[in-house]
Every structure is written in structure tokens, then in C-alpha cells.
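Participant: Structure for this input, please:
(one chain, ligands or ions: 1)
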Amino acid sequence: MIQIEHLEKHYHAGGRTIHALQNIHLQIQKGQIFGIIGRSGAGKSTLLRTLNLLERPSAGKILIEGEDITQYDSRQLHALRQRTGMVFQHFNLLYAKTIAENIDFPLRLTGQYSKEQRQQRVTELLELVGLTAQRHQYPAQLSGGQKQRVGIARALANYPHLLLCDEATSALDPETTQSILRLLSEINQKLGLTIVLITHEMQVIRSICDQVAVIDAGQIVENGLVIDVFLHPQHPVTRSMVAENQDQDIGFLREMERDPGSVLVRLTYVGSATYAPILSRIAAQTSAQIAILQGTISRIKDTPYGQLLIELRANPEQVAQVLSLLRSWQVTADIIETETGVA
Ligand SMILES: Nc1ncnc2c1ncn2[C@@H]1O[C@H](COP(=O)(O)OP(=O)(O)OP(=O)(O)O)[C@@H](O)[C@H]1O
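Facilitator: Numbering: from 1, shown residues only. Now for the predicted structure:
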């Protein structure tokens, strides 16, 4: 487990102090994929880089399996960095070396393995990331997604306990992004490896993370299971990032002709409820009329969820009845607006 306590990082530049990280507290469980999301300049890279002390905190502790790594001497630090793999947005490959040589590079640096052992390990890693046929090629001959596969294989070479991913898919197109995220997810499951990733894309968090922390202006403003944070965001920054990702623009409501006295309700359902015929049940059990204004069914990691924006044409008693039925079916119902204004 990684425990971050009272972490601070201040930079001094141009005669002023930048508070890049302020009083950060986080717990990252072993074997988790933990996402850190935030807008540009929020402090994501700084936070990620403190986990292998590429960035020295100004104050606070980082405990990995109970040991405070901020107190490590240079020998311990060297060992920590060997146990921590890192994947970069722009791959950082050696372009004059072959794919196999790139992956072999960190193995050679340790001086711990024979040539045969290293070759064997490179073969294993090429197979793991699906690049066996590219062994003797050079990075310039590969696509972006393949380059990132090399980056991932290289990061895994020394059997790390922790993999840090710095915007690992931000330079890739959406389809390639999904294939790299699937690879990271497979690695997490196969090797039980803890992965901490930073991203500015909610889609990345939604696809593979178990837990997410939202960082804004150097502070953690929200932290929890992805399913909770994504479906019930509390902080304005989280809300706007989730809304961007879900295409929840409800500007059209301003132009829409509404039934007098109708109520707008956002329904959120998770797991098996996603596929239940909720609306027809409401219609059968109440005489409320329902117009569907917006809807989606998708997945958060492996969990299906659905969200519907409906206009409920009903009197107050019927609205109360509908809301109580929805609650009994474990559907979250948020009234987002009434005819007279925001509820
Ligand atoms: N070496 C440095 N010297 C001075 N200020 C820095 C340094 N590194 C980062 N900062 C500042 O610290 C803050 C956090 O930067 P950081 O790079 O961690 O943010 P980020 O969320 O990763 O942003 P991005 O997604 O744009 O990389 C920013 O205000 C940035 O300008």
C-alpha cells in the first residue's frame, strides 16, 4: 500500500512561490489501478513524480509498504527506482536502438543478469505486449501505439512493484488509446501490479481505474471509487469533467417547450438495474407520462451503468410516487430543474 500524508511541494520561480501540491493525503491499495485526474497545471505530474522521488517533496511523507521513501539514502533510492516502472506520454525511446535493445536497456543497467537471462526476459516482454515480430525493428518503423507498447515493456523489465503512467495515452488516437488501456488492464490483472496513472481525460479513468483522485490547484478535491465519483461527482471541477465526457450538454432545455408543471429528472442506474425496463414499470404503476430527453448506457471498467434525463409530466403526488418507486429499485433520481427554476 502507498500512503501519502501531508504532502507539499513548493517551487520558487521568478521571485514567487508556486504551491504545486498542498496538504495531499491519499491511500493507494496494492494491485489497484489508481487514476489522478486534473486540468493542465493542476499538479498531476508533480504528484506522480514524487512517488519515485524524481520530484522531492517540500514536506510530508510517502509510505510504501510502511517505509517512508522520503527518508531513503541514495542506495535505497536507487533500489526504489528499479522497482518502479515509468511510462511516458512521448515514449522516450532510444531511436538508434532496436525494439529489443530498448527493452534490454534497463536490464543491462542493473548489471544483475547474464546475456541469456536478458534475452529470455526481452522475449517474454515482447510477447506480453504483442511485439514479438518487431524485435529487430527500430522505433521509427513503429506506430504510436506500438511505440507505447515498447515503453510499457521497458517499464516492466525489472519486475517493478509499481507502474507510473504519465499521460501514457494522450498522444494516441482514441482506438489506439483503448488498446493501450486494455494492455495496462491485462498487465494489472496478470501481474497484480499496482498502477498509478495521471490523465486529463475522464475516459481513461472510466475505462480502467478502480479509484480516482481529482486534483485542482495542487489540492485533492475529490477521491473515491470511480463508479461513485463518476456517477455522483461532488466538486465543480469533477462535475464539469464528467459532463464533458458524457456529452451531458443540457443547453437544449432552454429552447425546449415544456409541459407546465413538468419535472426534469436524471436517473442513474448501475449493474443489473441498467438493463431493467424501468420506464415501462413506472408507466404501468403510475399514470405519470414520461418523455425521454437524453440517455446513455455504458460501462465504468466492468460495471454497466445507465443515465437517462426524463421529463416527468405528473402532479406532485405522482412525482413523489415515481421517486419512491425508483428508490425501491436502487435507481438514483435527481430532480435537476423544476418549471420555476433549478430545484
Ligand atoms: N520545475 C518547476 N518550476 C516551477 N514551477 C513548476 C515546475 N514544475 C511545475 N511547476 C508548476 O507547478 C504547477 C503544477 O504543475 P504540474 O506540471 O505538476 O501540473 P500538471 O497537472 O501535470 O499539468 P500538465 O497536464 O499541463 O502537465 C504548475 O503551476 C506549474 O507551472
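Participant: Up against the ligand, what does the protein have?
Facilitator: 11, 13, 18, 20, 38, 40-46, 200 (CB under 6 Å from any ligand atom). (Glycine included, C-beta is placed from N, CA and C.)
Participant: with those residues in mind, which one is nearest to Ala155?
Facilitator: Among those, Ser45 lies closest to Ala155 (CB to CB), at 16.4 Å.
Participant: That closest one: which element?
Facilitator: When elements are assigned from DSSP states H and E, Ser45 belongs to helix 44-50.
Participant: what helices or strands is that helix leaning on?
Facilitator: With contacts taken as 3 or more CB pairs under 8 Å, 6 or more residues apart in numbering; DSSP states H and E, helix 44-50 sits against strand 2-13, strand 16-28, strand 33-37, strand 162-166, strand 194-199.
Participant: in its sheet, what does whichever helix or strand comes after that helix sit against?
Facilitator: As assigned by DSSP H and E, the chain's next helix or strand after helix 44-50 is strand 59-64. The pairing partners recorded for strand 59-64 under DSSP bridges are strand 2-13 (antiparallel), strand 67-68 (antiparallel).
Participant: what's the offset of the last one from the middle of its chain?
Facilitator: Meaning strand 67-68. 26 Å (CA atoms, centre = their mean, to the nearest Å).
Participant: That one: what's the following helix or strand?
Facilitator: helix 74-82.
Participant: In that following helix, which residues are buried?
Facilitator: Leu80, Gln82 (16 or more other CB atoms under 10 Å).
Participant: what's that helix in contact with?
Facilitator: Residues from elsewhere that reach helix 74-82 (CB atoms under 8 Å, 6 or more residues apart in numbering): Asn52, Leu53, Ile64, Ile69, Tyr72, Pro106, Thr110, Asn158, Pro160.
Participant: how about the closest residue to the third one other than its chain neighbours, what does it touch?
Facilitator: Spelled out, that is Ile64. Excluding its sequence neighbours, the residue lying closest to Ile64 (CB to CB, 6 or more residues apart in numbering) is Ile2, at 5.3 Å. By CB under 8 Å, 6+ apart, the residues touching Ile2 are Leu26, Gln27, Ile28, Leu51, Ile62, Leu63, Ile64, Leu162, Thr194, Val196.
Participant: Number of residues surrounding the third one?
Facilitator: The burial metric for Ile28, expressed as a neighbour count using other CB atoms under 10 Å, is 22.
Participant: rewinding a little: with mean pLDDT and distance to Leu125 added, can I get the helices and strands packed on helix 44-50 in JSON lines?
Facilitator: Compiled in JSON lines, the helices and strands packed on helix 44-50 are given as follows (pLDDT from 0 to 100; distance: least, CB to CB, whole Å):
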{"stretch": "strand 2-13", "mean pLDDT": "96", "distance to Leu125": "24"}
{"stretch": "strand 16-28", "mean pLDDT": "96", "distance to Leu125": "25"}
{"stretch": "strand 33-37", "mean pLDDT": "98", "distance to Leu125": "20"}
{"stretch": "strand 162-166", "mean pLDDT": "97", "distance to Leu125": "13"}
{"stretch": "strand 194-199", "mean pLDDT": "97", "distance to Leu125": "16"}
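Participant: To Gly261, which of those lies closest?
Facilitator: strand 33-37 (39.4 Å).
Participant: Summarise which helices and strands the closest one is packed against.
Facilitator: helix 44-50, helix 174-191, strand 194-199, helix 202-208, strand 211-216.
Participant: what's the closest of the contacts of helix 74-82 to Ala333?
Facilitator: Using CB to CB, these come closest to Ala333 at Ile64, 42.4 Å.
Participant: Show me what that closest one is bridged to.
Facilitator: Beta bridges link Ile64 to Ile2, Glu67 when assigned by DSSP bridges.
Participant: OK, contacts around Thr98?
Facilitator: Applying CB under 8 Å, 6+ apart, the residues near Thr98 are Arg135, His136, Gln137, Tyr138.
Participant: 6 Å - rerun?
Facilitator: By CB atoms under 6 Å, 6 or more residues apart in numbering, the residues touching Thr98 are His136, Tyr138.
Participant: Likewise for Glu244?
Facilitator: Glu244 touches nothing, counting by CB under 6 Å, 6+ apart.
Participant: Surely it is in a helix?
Facilitator: Yes. Under DSSP: H, G, I helix; E, B strand; the rest coil, Glu244 sits within a helix.
Participant: just checking, what packs against the strand or helix carrying Ile103?
Facilitator: Using DSSP H and E, Ile103 maps to helix 99-110. Contact partners of helix 99-110 among helices and strands, from 3 or more CB pairs under 6 Å, 6 or more residues apart in numbering; DSSP states H and E: helix 115-129, helix 144-156.
Participant: Let's have those in JSON lines, adding mean pLDDT.
Facilitator: Written out in JSON lines, the entries for the helices and strands packed on helix 99-110 read as follows (pLDDT from 0 to 100):
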{"stretch": "helix 115-129", "mean pLDDT": "97"}
{"stretch": "helix 144-156", "mean pLDDT": "97"}
